[in-house]
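Novice: Predicted model and sequence below, questions to follow.
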There are 4 protein chains.
Amino acid sequence: MKPTMSDAQLEALLEQVCNWGRWGADDQRGALNFIDDARRAAAAKSVQSGLTVSLSLPLDTVAAADNFEPVVHLMHQTGHDGKRDPFPHCTDFFAISPHGHVNTHLDALCHIFWRGKMYNGFDADEVTSHGANRCAIDLLRGGIIGRGVLLDIPKVRGAQWLENDDGIVPADLEAAEQDHRVRVGQGDILLVRTGRALRRRVKGPWNVREGCAGLEASCLGWLYERRVAVLGGDGHNDLAPSPYKLSMAPIHLGAITMMGVHLIDNADLEELAQACQRAGRYHFLFMMAPLVLQRGTASPVNPIAVF
Amino acid sequence: MKPTMSDAQLEALLEQVCNWGRWGADDQRGALNFIDDARRAAAAKSVQSGLTVSLSLPLDTVAAADNFEPVVHLMHQTGHDGKRDPFPHCTDFFAISPHGHVNTHLDALCHIFWRGKMYNGFDADEVTSHGANRCAIDLLRGGIIGRGVLLDIPKVRGAQWLENDDGIVPADLEAAEQDHRVRVGQGDILLVRTGRALRRRVKGPWNVREGCAGLEASCLGWLYERRVAVLGGDGHNDLAPSPYKLSMAPIHLGAITMMGVHLIDNADLEELAQACQRAGRYHFLFMMAPLVLQRGTASPVNPIAVF
Amino acid sequence: MKPTMSDAQLEALLEQVCNWGRWGADDQRGALNFIDDARRAAAAKSVQSGLTVSLSLPLDTVAAADNFEPVVHLMHQTGHDGKRDPFPHCTDFFAISPHGHVNTHLDALCHIFWRGKMYNGFDADEVTSHGANRCAIDLLRGGIIGRGVLLDIPKVRGAQWLENDDGIVPADLEAAEQDHRVRVGQGDILLVRTGRALRRRVKGPWNVREGCAGLEASCLGWLYERRVAVLGGDGHNDLAPSPYKLSMAPIHLGAITMMGVHLIDNADLEELAQACQRAGRYHFLFMMAPLVLQRGTASPVNPIAVF
Amino acid sequence: MKPTMSDAQLEALLEQVCNWGRWGADDQRGALNFIDDARRAAAAKSVQSGLTVSLSLPLDTVAAADNFEPVVHLMHQTGHDGKRDPFPHCTDFFAISPHGHVNTHLDALCHIFWRGKMYNGFDADEVTSHGANRCAIDLLRGGIIGRGVLLDIPKVRGAQWLENDDGIVPADLEAAEQDHRVRVGQGDILLVRTGRALRRRVKGPWNVREGCAGLEASCLGWLYERRVAVLGGDGHNDLAPSPYKLSMAPIHLGAITMMGVHLIDNADLEELAQACQRAGRYHFLFMMAPLVLQRGTASPVNPIAVF
């Protein structure tokens, strides 16, 4: 897809959507500040059926074209051995690089830098060999709970999925709002479906660095105006590869670093899309509880929608 | 603490609380069957303030008397290096043995065996080097959402925490119910506080295998009658060491293996206890979303209470 | 390549080369018994120039068609951070699955089973979740030192490397002996070059399970008669895929399990081949010191030839 | 132990023993340049009996007062499961922090910094999140082979082991030379025994940071004059804690960073000491082959002495 603006225009847009200082010089929560107790309570009260849907892919132990750092899952003790133990039991072990390209994960605000700075102007050097002193994932220990909204772009376009070079622009988001009879607003957790998980199941894994549908940089202004609290997608949120020299991932840069919007990458939105269609509504109680990884730059997550 | 019954009586009790076959020969969800959509919806609607509280300890990377397998947390790329990257960012890696003694985790129903069988009579050999073919943690992909109830035993006893040889018996649970004006019922996620997390902070880590407060085996009948869906505690739920030859952990055995009740071990219930006291109620919306670890025997979790 | 015998003949051959009991019912060293102090001393004294050559590939952290479980190498502390430390230093971490298809490693005698038994008839069940109680790699703590011999098969065939379906038969080994003016004898560490490392550098990685040059099963009798102590190769020693139903890797089975011959897989024999040609001799002092991995089934190794 | 000099004198000594530039501005091998092919050949030819002795502790998976980062050893496939596999076999996995306090390992020359520089003046920033661009362990792919010499200090002092605050000074080294009838010279691999491994076996693990016998800083001049190629010990080579403000480990700093002498930490010298005494000679062929860890700062090693 061709860029919708020049690199200079993108740079101006990044400055325009910048929330640095908006919640104080020490703020490390960014757009999560848009969610307050009242919004959380309202989202909970909106539950109707009680049906729950997971938005997480399985943690994948198989190396593939998009899985360079497969999860390691090994047993400390198997059942055969464990049943001979004085305390009959089994246990296991796993190792994970949360940012992997098929791991459903939440990026912390320390994850992306702009000219040596992370969100709110903290220096990138605050992330040392021992982890992030600022904007780490364990600041979200209390969980993210609020109103979730799904925008199902392939549905609106009448396709199973978006192709790898399909960029999503604000008009797509608004067409989906109209179709779904929902309006994204302050404090919402916005999930945008491209159909990547379905495409991978049908067509097999591919190297997403070389091509993956996602939001075009022009969405940044829209996200800013709507005051979304969190953005999630089934790809990397960004259209890849980036058509801009300024950044290989302008949505990551604009959302995380400039706006303080946490990103969920590699969600599985297939079951959610079906549930929304069946329920006839595209908003729901959203809950996500990152692991308390001290100084971590991300956490694997299993986000849940409750209808 | 002295045992409250003989080993033969414990064995009879285990048989008595056995739920094998209750939800069909193929069931792998156990007492989670007590939570249905309606209970989930009711729990969500009961939210008042929207305040959230985490029940998770941090994932602990420091070896200690109760941390034999510390979490490994390492950086793929630091901030100093990452800001020089063409795509300026940082990433990390972690390795975890979820069942570790200071990791807040959810045990899968495959975790404990009784005479070579796991819950519902599946053979222990179903847990091979490649993980659990039955009763694995990824069956809980949809999350556990329902009504949570805290019983704060030290509060009732007028103590900061229970001492290591303090066993909790049904009378303690009922005294707490009375004090807290709450009654544990079908489908509840029951959390029992011993004050272990506070004791550890004040007095330092100790080897919990040698002594840790928890539920005495006589609670099994009570848990069965009340039809709890999940049991959680700030220790290992079990009183340690066990006074019974029959089992080193009769609560683990009775709850997980016989009743199909998933256990949360090593929760942090300090902040929750304060929040309950301040709110004047000891029940709340409880949400927990285990990672989708295929064939896993447990998941680290960050359970969230919403008031 | 077509099989050179029937499955029944292969089974008879396996029985014929069986060394179980040869060095006593408790023996766990197998054909290493062919190397005694005198042979080690003689090999050392044969050193002339003092030139050393490594036979190890680098431990490879990049996932590839033949690297499903890439080595993980991460920093505990980088130089940038380490120079600010009160004790200025850097440190790192690595994780490895030694049997990986591009890891130069030594298989322990517990690695392969024949009808539920490992070498010398020990039960496969001796390898539990906690490692191998018998025939583990740490039994080789004292190192393997002796006379090494290289047979460079592509050189004799006038090729750069063998193609993936090229099997090596005894006549190839003897042609190489004649060409190289060397005779493989009792206690030798035999290294057989196929040129795989060179082929990989030139043509890129491929899935070696689908095709890789190596020894045909008919070599087993020859290896047995020559009383080799250790066998090594630049592939998996076995021709892959196996043309026999009886075993997917008859050389692994025959050498490790029946004969008690430790195998070095995935060596880099390119520099060694050049050094042998330049030196005009194809034997040398060979030394290899497996890590002291208690109950391990293999060790990554860096075998060294000294001329 | 009291310091034998002032911090200013130590600083002058560090400058005095500095080998930066001695082997050219690009040199990354340091004192290994003292070992040439002729020395290697001579060491090999000196072999008499062919007896081999390992100098490695086992890789230790048990957390202890001196083992904060225990080795992780897990099975990919056990024997019970492996014998049911179409290709009957077992495999495993391990993770290691080589610099751990009970891991026998070889420090690379990039490991220690002096005023922001490593050996030969390379900047510490050359060690990034992706490893060491200079002076990494894989430069030693060809192995370290030469004459090894043991100096057994407790033997000379008539003790089983040195106590934790016992520092070794040049007079101790020379007394041992006299007792052992050996003289340390150019290109030697020098091993200095304190008896730490024996003390640990008898008295149990202790936190070596709080006290461990080793070389006092005054040995640096002696090591420099004798032109040792490699230094090894059963502790951390350094006396701990350091009595100098200038450095927490002056032997590490002086040997590695200033002189370019690679260090072997945490060797097991017990069996070697006995073998030397029995053989009546304290020199031998020494062989060590670090793993080919690209950009690594250390490697676990199993050094071998051949008599």
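Specialist: That came through, no problem.

Novice: Show me what from the stretch 1-150 of chain A comes close to chain D.
Specialist: Counting by CB under 8 Å from any CB of the partner chain, the residues of the stretch 1-150 of chain A close to chain D are A:Val72, A:Leu74, A:Met75, A:His76, A:Thr78, A:His80, A:Asp81, A:Phe93, A:Ala95, A:Ser129. Heads up, the C-betas are built off the backbone N, CA and C, glycines and all.

Novice: Which of those residues sits closest to chain B?
Specialist: Proximity of those to chain B was ranked by CB to the nearest CB; the top entry is A:Ala95 with 3.8 Å.

Novice: report the angle between the axes of whichever strand or helix holds that closest one and strand C:91-96?
Specialist: Using DSSP states H and E, A:Ala95 sits in strand A:91-96. Here strand A:91-96 runs at an angle of 120 degrees relative to strand C:91-96 (axes from the mean of the first three to the mean of the last three CA atoms, to 10 degrees).

Novice: how far away is the residue in the stretch 201-307 of chain A positioned nearest to chain D from A:Leu263?
Specialist: Nearest to chain D in the stretch 201-307 of chain A, going by CB to the nearest CB, is A:Thr297, at a distance of 11.9 Å. According to CB to CB, to the nearest Å, A:Thr297 and A:Leu263 sit 12 Å apart.

Novice: For these two, indicate the residue with more neighbours.
Specialist: A:Thr297 (32 against 24; other CB atoms under 10 Å in any protein chain shown).

Novice: which ones are touching the more buried one?
Specialist: Residues near A:Thr297 by CB atoms under 8 Å, 6 or more residues apart in numbering or on different chains: A:98-99, A:107-108, A:110-111, A:127, A:131-132, A:136-137, B:75, B:90-92.

Novice: got it, and A:Phe93?
Specialist: By CB under 8 Å, 6+ apart, the neighbours of A:Phe93 are A:Val72, A:His73, A:Leu74, A:Met75, A:His76, B:Ala95, B:Ile96, B:Ser97, B:Pro98, D:Val72, D:Leu74.

Novice: Could you check the pLDDT of the residue lying closest to the fifth one once chain neighbours are set aside?
Specialist: For A:His76, the nearest residue in space outside its immediate sequence neighbours is A:Thr91; the separation is 4.2 Å by CB to CB, 6 or more residues apart in numbering or on different chains. In this prediction, A:Thr91 carries a pLDDT score of 97.

Novice: What of the one 5 residues further on?
Specialist: On pLDDT, A:Ile96 comes in at 97.

Novice: Give me the neighbour count for it.
Specialist: Neighbours around A:Ile96, by other CB under 10 Å: 26.

Novice: Mind listing the residues bridging to it?
Specialist: On the basis of DSSP bridges, A:Ile96 is bridged to B:Phe94.

Novice: is it true that it touches A:Val71?
Specialist: Yes - with contacts counted by CB atoms under 8 Å, A:Ile96 reaches A:Val71, the gap being 4.9 Å.

Novice: Please enumerate the shared neighbours of those two.
Specialist: A:Leu59, A:Asn103.

Novice: Pull the contacting residues for A:Val306.
Specialist: Taking CB under 8 Å, 6+ apart as the test, what A:Val306 contacts is A:Val47, A:Gly50, A:Leu51, A:Thr52, A:Val53, A:Phe284, A:Leu285, A:Phe286, A:Met287, B:Arg40, B:Ala44, B:Ile145.
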